[in-house]
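**Student:** heads up, no residue letters with this:
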Ligand code: G16
């Protein structure tokens, strides 16, 4: 195949802006929006090639930098079943993004030749963007890339990242997963939610005494904010959402799921009353965390991805038991999972738990090994997935007249819960509805939910280094294999603390090294995190202000 025209348009309208290499990271390319024009143009072409290798199945492209600051932007590619781009393609993406403009033609020629692609005419790419100021321009670059490649494209405008993932799956399953529109997305989720919430009424169960239908939501001033009124209009009184950081302020600035999780405090400027239930989305609404102020102690309590995972896994485990089917349920976490959560899952829930490297792509992949796989990163990014065979079995069993009413009701219930879940990727809106449904089903409020286990105090820090790739990790990122000597120094520090644990890893979305530490008290966790941050600074080429020991 020839890509002379693609190269010419690229050189003319989307020239490479600088020579600094850019890498497809944890969730795509991410850097300052002003550096991304050529990258995103080229990703339009790559998405068309990906589609051709999947027999013309639709590929999605989302323009967003999610939790990053407003001036950043990025691009995430979505595979046909709505999952993240296959890891084997990340190297092609990196190569195509970095090649000099004058070599784009030969690079694409070689790539398509090696992949056996001879035409892009039946390739299909759909795309959407978040609310960042740079997103419309980048969306135009993307569209130009798709069109220059000769592929068909559809622009879905402003969507949350998970909505685009959902739409891609709907298209490629010919509507079996749902209607491939935003309206279809809200219809599917809200119908399942309303059905599940009304079960109490249908079964004449006692009215809710503890669960409060009011939820306070910080939408990080992101794309999720604009979607809440649409959702609210379909929920009636079953969930009343009060929105803050509704898009009128600066995106992710001192608000949003990442801020709340990392800082372990509420978004700046919100007036939290003890006992109220709060949640925060991130900028593209693929993460959610919950929190509240204790009524008796006025303390801030965070219910992060680990707490959501345990709530969901516990609920699903009971429901599976009621179906009488032997479906194996498992939970997937990363090294950031609080030690107490892992202990609770193993000892109390008695659900198998696996640990994988950071990045939803790794968690999703591992979760596919279970009949029902629940996966969550501590930062609030996660979902649950159900294998096709388990789904079919549930459907068949629910219609089986020889089983007890109780069993068939449980199958029916589980099928509705599955409809409430966006199985393609972590989804803040779907996760929020799932949590709210479970809390209502148990007639719990946040305090009861929080009681399941007590988090070990923990701290996350960021260290700036000259080149973060000098840090390499192994054992699902729990150990640093490079630079030499760093891990033994971390081990020595950790050994001084009761219940101490710490690890470091280069971020795949920001130009920093992340440090995580936990210990028996907050001051010990802070001290350990500081010690390890100083080690990173010294041994991995720290730049800028040196981390200070407390
Ligand atoms: C992305 C990924 C997440 C990951 C996060 C932080 O989230 O999808 O899986 O946990 O980045 O990654 P890192 O620690 O490598 O910077 P998002 O919400 O920013 O797209």
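**Tutor:** Thanks, I have the structure now. These figures come from a predicted structure and were not determined experimentally.

**Student:** walk me through the domains of this structure.
**Tutor:** 4-158, 197-303, 305-450, 458-539 (automatic domain parsing).

**Student:** checking residue 505 next. Helix, strand or coil?
**Tutor:** strand (DSSP: H, G, I helix; E, B strand; the rest coil).

**Student:** quick one: contacts for it?
**Tutor:** Residue 505 makes contact with 335, 358, 471, 473, 477, 480, 513-514, according to C-beta atoms under 8 Å, 6 or more residues apart in numbering. Quick note: C-beta positions are derived from backbone N, CA and C, even for glycine.

**Student:** which of the residues you listed fall in helices?
**Tutor:** Using DSSP state H, the subset of the contacts of residue 505 located in helices is empty.

**Student:** got a list of what the residue nearest to the spatial centre of the chain touches?
**Tutor:** In the chain, the centroid-proximal residue (C-alpha atoms, centre = their mean) is residue 381; its distance is 3.5 Å. Counting by C-beta under 8 Å, 6+ apart, residue 381 touches 286-287, 305, 360, 426.

**Student:** quick check: the residue of the stretch 51-200 of the chain found nearest the ligand vs residue 354, distance?
**Tutor:** Here the stretch 51-200 of the chain gets closest to the ligand at one residue, residue 66, 3.3 Å apart by C-beta to the nearest ligand atom. Taking C-beta to C-beta, to the nearest Å as the measure, residue 66 falls 24 Å from residue 354.

**Student:** in terms of neighbours, single out the busier of these two.
**Tutor:** residue 66 (30 against 17; other C-beta atoms under 10 Å).

**Student:** phi, psi of that one?
**Tutor:** Dihedral angles of residue 66 (phi, psi; degrees, to the nearest 10) stand at phi 50, psi -110.

**Student:** that one touches residue 281, doesn't it?
**Tutor:** No - with contact defined as C-beta atoms under 8 Å, residue 66 does not reach residue 281; the gap is 10.4 Å.

**Student:** what do the two both touch?
**Tutor:** By the contact definition C-beta under 8 Å, 6+ apart, residue 66 and residue 281 are jointly contacted by residue 287.

**Student:** okay, now the closest residue to residue 182 other than its chain neighbours: neighbour count?
**Tutor:** Distances taken as C-beta to C-beta, 6 or more residues apart in numbering place residue 163 nearest to residue 182, at 6.0 Å, with adjacent residues excluded. Neighbour count of residue 163, defined by other C-beta under 10 Å: 29.

**Student:** about what we covered before: turn the domains of the chain into TSV, columns for distance to residue 190 and mean pLDDT.
**Tutor:** Shown next, in TSV, are those (distance: least, C-beta to C-beta, whole Å; pLDDT from 0 to 100):
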stretch	distance to residue 190	mean pLDDT
domain 4-158	19	97
domain 197-303	4	96
domain 305-450	8	96
domain 458-539	31	96
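
**Student:** residues from the stretch 401-550 of the chain in reach of the ligand?
**Tutor:** Within reach of the ligand by C-beta under 6 Å from any ligand atom, the stretch 401-550 of the chain has these residues: 507-510, 514.

**Student:** ok, now with 5 Å
**Tutor:** The stretch 401-550 of the chain comes close to the ligand at residues 507-509, as judged by C-beta under 5 Å from any ligand atom.

**Student:** buried ones among those residues?
**Tutor:** 508-509 (16 or more other C-beta atoms under 10 Å).

**Student:** of the residues of the stretch 401-550 of the chain next to the ligand, closest to residue 299?
**Tutor:** Distance to residue 299 across those (C-beta to C-beta) is lowest for residue 507, with 29.4 Å.

**Student:** distance check, the closest residue to that closest one other than its chain neighbours against residue 196.
**Tutor:** Nearest-residue entry for residue 507: residue 514, 5.3 Å, with adjacent residues in sequence omitted and distances by C-beta to C-beta, 6+ apart. Residue 514 sits 37 Å away from residue 196, going by C-beta to C-beta.

**Student:** before we move on, what about residue 354?
**Tutor:** Residue 354 is 28 Å from residue 196, by C-beta to C-beta.

**Student:** likewise for residue 36?
**Tutor:** Applying C-beta to C-beta to residue 36 and residue 196 gives a distance of 41 Å.

**Student:** ok, now residue 185?
**Tutor:** 17 Å.

**Student:** helices of the stretch 451-550 of the chain, residue ranges please.
**Tutor:** 486-495, 522-539 (DSSP state H, counting those that start in this stretch).

**Student:** hmm, what's the outermost residue in the chain?
**Tutor:** Max distance from the centre of the chain (C-alpha atoms, centre = their mean): residue 402, 40.8 Å.

**Student:** list the residues that contact that one.
**Tutor:** Counting by C-beta under 8 Å, 6+ apart, residue 402 has no contacts.

**Student:** who's in contact with the residue nearest to residue 182?
**Tutor:** Residue 163 is in contact with 128, 156, 182, 185, 227, 427, counting by C-beta under 8 Å, 6+ apart.

**Student:** the third one reaches residue 159, doesn't it?
**Tutor:** Yes - A contact is recorded between residue 182 and residue 159 when judged using C-beta under 8 Å, the distance being 6.5 Å.

**Student:** looking at those two, which has the bigger crowd around it?
**Tutor:** Between residue 182 and residue 159, residue 159 has the larger neighbour count (other C-beta under 10 Å), namely 26 against 20.

**Student:** so that one sits against residue 126, correct?
**Tutor:** No - contact between residue 159 and residue 126 fails when scored by C-beta under 8 Å: they sit 9.8 Å apart.

**Student:** anything in contact with each of these two?
**Tutor:** Applying C-beta under 8 Å, 6+ apart, one finds that residue 159 and residue 126 are jointly contacted by residue 167.

**Student:** how far does stretch 303-310 sit from its chain's centre?
**Tutor:** Centroid separation for stretch 303-310 versus its chain: 13 Å, with C-alpha atoms, centre = their mean, to the nearest Å.
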